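In: Output the structure for:
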Amino acid sequence: MTEADAPSSGTASSSGTAPGPAPNTPPPSPSAPYPLDPTGAGLRETAQELQARGPAVPVVLPGGVPGHAVTRHHALRDFLVHPEVAKDACHFAALREGRIPPGWQLTTFATVDGMTTADGADHRRLREPVVKALSPRRVAALRPRVERLTAELLDGLPALAAQGGGTVDLRQGFAYPLPMRVISELIGVDEEFRDRLHELSGLVVNTAIDPETVLAANRELVAVLAQVVAARRAAPGDDLTSALIAACDAAEARLSEQELIGTLLLTIAAGHQTTLDLIINAVRALCADRGQLELVRSGRADWADVVEETLRHDSPVANFPFRYPTRDLDIGGTVVPQGSPVLAAYGAAGLDPEVYGPDADRFDVTRRPAVRHLAFGHGAHVCPGAPLARLEAGIALRALFDRFPDLALAVPEADLAPLPTFVGNSVTEFPVRLGRDARPGGKPADGREGPAADPGHGQDGSAAAPGDGQDGSATSPGAG
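Out: Numbering: from 1, shown residues only. Modelled structure (predicted):
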């Protein structure tokens, strides 16, 4: 769940950045806690280093706050369901003892009033309305709408490319508006609020901004979400916000106003940012290795394989905050102290050679691992919208490469700037050349001639994958 695609306007600005490590800083000693780069630079190398250090690694969070990351597949899977690991920030020792300063970049992850910071009965109460809104039946019914929106966005790309001198930012022009429109319609967010919510949610997960910007972004985000709630109170609909309002306003209220706002924040941010990054990471991998795309076109793999391999190989959520041991825990020989903030290092766990083999770092759509990746979490807090993410990504990727089979990255890979966070994982812009429109009578979409290619004909990856959770519920981007 992450991103700051465009500079913010208004109260908060993405220009306020916290200082990162100095250039050419030598790598940390293997015996010292690993300092996570708040700028998101070298995130893949960080995942590999963390994975190599062991199943549980001491890390330094922004502001010098000590923590840990669980980095290997089996250790992480066990940790996510450990009965003596909690999500409620009352267990966060440094926060409880007043050692976390105002405006800390990760405060929202720890303190938002919602299902990601609740345990037991409270977690089930907060999760239930979201699971209902994202039920498999409701998600399946969204397929025609997702297909129509995808087609509309693809129709608009040639004009954007023409305006851009032959290139278009696929992130801003396609991968962002698709999931944002879908989740906004499902939640009941009017169009006037969507772009600002996208910008603000990007700032909230930005680990490289200064405390003043963090505080301003959080204040404005709450204010905008309050406007969303007011709009739905005035005109209720068949959407999640209206359902949450009903639960909040009932005679025996099942939800507080703060929990209503927190649930909307989590659902909007996770419901579009992670899917956006998943789409871009998949396109990036296919552009980097056209042989993988040919495997899909030839029927030796399908779009579901592309989606799952992207989730494993280049997880859109690299390090998800937080869980807290309620007693000292020994994880693979490393003692994680009671109350330590622990990151679920999904990016590192997806590269575990003990699970995925010695070539775990290679993107391979024909890979058939014996166990499923953990990119959507595991256990009671498994993310409640993964079927929607898979549906959107599968439809988007298939339609994109059907329409523009020669689509290619327009800049060198090394020029792609990472998102300014170590929580999410993608790039700030993804400029492409579209190539030829493969529809009958289609012309070069960006002024460049290119050979036509057979459109991909694999499955679109929308089927809910088995093994995502233990409770049989739907699952989604971000953690619940």
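
In: C-alpha only now, for contacts and for neighbours.
Out: Will do.

In: If we ignore the residues flanking it in sequence, what's nearest residue 393?
Out: Ranked by CA to CA, 6 or more residues apart in numbering and with sequence neighbours excluded, the top spatial neighbour of residue 393 is residue 279, at 5.6 Å.

In: In contact with the one you found, which residues?
Out: Residues near residue 279 by CA atoms under 8 Å, 6 or more residues apart in numbering: 175, 393, 396-397.

In: List just the nearest of those residues to residue 326.
Out: Using CA to CA, residue 393 comes nearest to residue 326 of the contacts of residue 279, at 37.2 Å.

In: pretty sure that closest one is in contact with residue 278, am I right?
Out: Yes - under the criterion of CA atoms under 8 Å, residue 393 makes contact with residue 278 at 7.1 Å.

In: Need the overlap of contacts for the two.
Out: With CA under 8 Å, 6+ apart as the test, residue 393 and residue 278 both reach residue 307.

In: Report pLDDT for the residue nearest the centre of the chain.
Out: Central residue of the chain (CA atoms, centre = their mean): residue 274, 2.4 Å from the mean position. For residue 274, the pLDDT comes out at 94.

In: Name the next helix or strand downstream of the one helix or strand it maps to, please.
Out: Residue 274 belongs to helix 257-288 when assigned by DSSP states H and E. Later in the chain than helix 257-288, the nearest helix or strand by DSSP H and E is helix 290-297.

In: On the three-state scheme, residue 184 is what?
Out: helix (DSSP: H, G, I helix; E, B strand; the rest coil).

In: which one of the contacts of residue 279 sits closest to residue 375?
Out: Among those, and counting by CA to CA, the member closest to residue 375 is residue 393, at 14.4 Å.

In: where's that closest one relative to residue 241, distance?
Out: 24 Å (CA to CA, to the nearest Å).

In: for residue 154, same thing?
Out: On the measure of CA to CA, residue 154 and residue 241 end up 29 Å apart.

In: Compare those two (neighbour count), which wins?
Out: The residue with more neighbours, out of residue 154 and residue 241, is residue 241; 29 against 18, by other CA atoms under 10 Å.

In: Neighbour count and pLDDT for the contacts of residue 279 - can I get that in CSV?
Out: Putting these into CSV (neighbours: other CA atoms under 10 Å; pLDDT from 0 to 100) gives the following:
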residue, neighbour count, pLDDT
175, 26, 98
393, 30, 98
396, 26, 98
397, 24, 98
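
In: Surely residue 355 is in contact with residue 369?
Out: Yes - counting by CA under 8 Å, residue 369 is a contact partner of residue 355 at 7.4 Å.

In: who has more neighbours, those two?
Out: Neighbour count, other CA under 10 Å: between residue 355 and residue 369, residue 355 has more, with 18 against 11.

In: Make sure the more buried one is indeed in a strand.
Out: No - read with three-state DSSP, residue 355 is helix and lies in no strand.

In: That one: what's it in contact with?
Out: With CA under 8 Å, 6+ apart, residue 355 has these contacts: 73, 369-371.

In: Recalculate using a threshold of 10 Å.
Out: By CA atoms under 10 Å, 6 or more residues apart in numbering, the contact set of residue 355 is 72-74, 349, 369-373.

In: swap in residue 133?
Out: 139, 186-187, 238-241, 243, 384-385, 474.

In: Which single one of those residues is nearest to residue 104?
Out: residue 384 (27.1 Å).

In: Which element, helix or strand, includes that closest one?
Out: Judged by DSSP H and E, residue 384 forms part of no helix or strand.

In: State the number of residues packed around it.
Out: Residue 384 has 31 nearby residues by other CA under 10 Å.

In: Let me know the pLDDT of it.
Out: 94.

In: wait, it sits on residue 139?
Out: No - here residue 384 does not reach residue 139: they are 11.4 Å apart, not a contact under CA atoms under 10 Å.

In: if I look at the residue of the chain most remote from its centre, how far off is residue 403?
Out: In terms of distance from the mean C-alpha position of the chain, residue 441 ranks first, at 37.3 Å (CA atoms, centre = their mean). To residue 403, residue 441 is 12 Å away according to CA to CA.

In: on that earlier part again, what helix or strand is the residue farthest from the centre of the chain on?
Out: Using DSSP H and E, residue 441 falls outside every helix and strand.

In: How are the helices of the stretch 351-480 of the chain distributed by residue range?
Out: Assigned by DSSP state H, counting those that start in this stretch, the helices in the stretch 351-480 of the chain fall at 353-356, 386-403.

In: just these: most buried one?
Out: Highest mean neighbour count of the helices of the stretch 351-480 of the chain: helix 386-403, a mean of 25 (counted as mean count of other CA atoms under 10 Å).

In: what's the burial count for the residue lying closest to residue 389 once chain neighbours are set aside?
Out: The shortest distance from residue 389 to any non-neighbouring residue, by CA to CA, 6+ apart, is to residue 275 (5.5 Å). Neighbour count of residue 275, defined by other CA under 10 Å: 30.

In: okay but residue 275 is in contact with residue 395, surely?
Out: No - Residue 275 lies out of contact with residue 395 (CA under 10 Å); the separation is 11.9 Å.

In: before we move on, back to that, adding distance to residue 127, write the contacts of residue 279 out as CSV.
Out: Converted to CSV, the contacts of residue 279 look like this (distance: CA to CA, whole Å):
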residue, distance to residue 127
175, 27
393, 24
396, 28
397, 29
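
In: Give me the below-cutoff pLDDT ranges for the chain.
Out: Within the chain, the segments meeting pLDDT under 70 span 1-30, 445-480.

In: Understood, closing this out.
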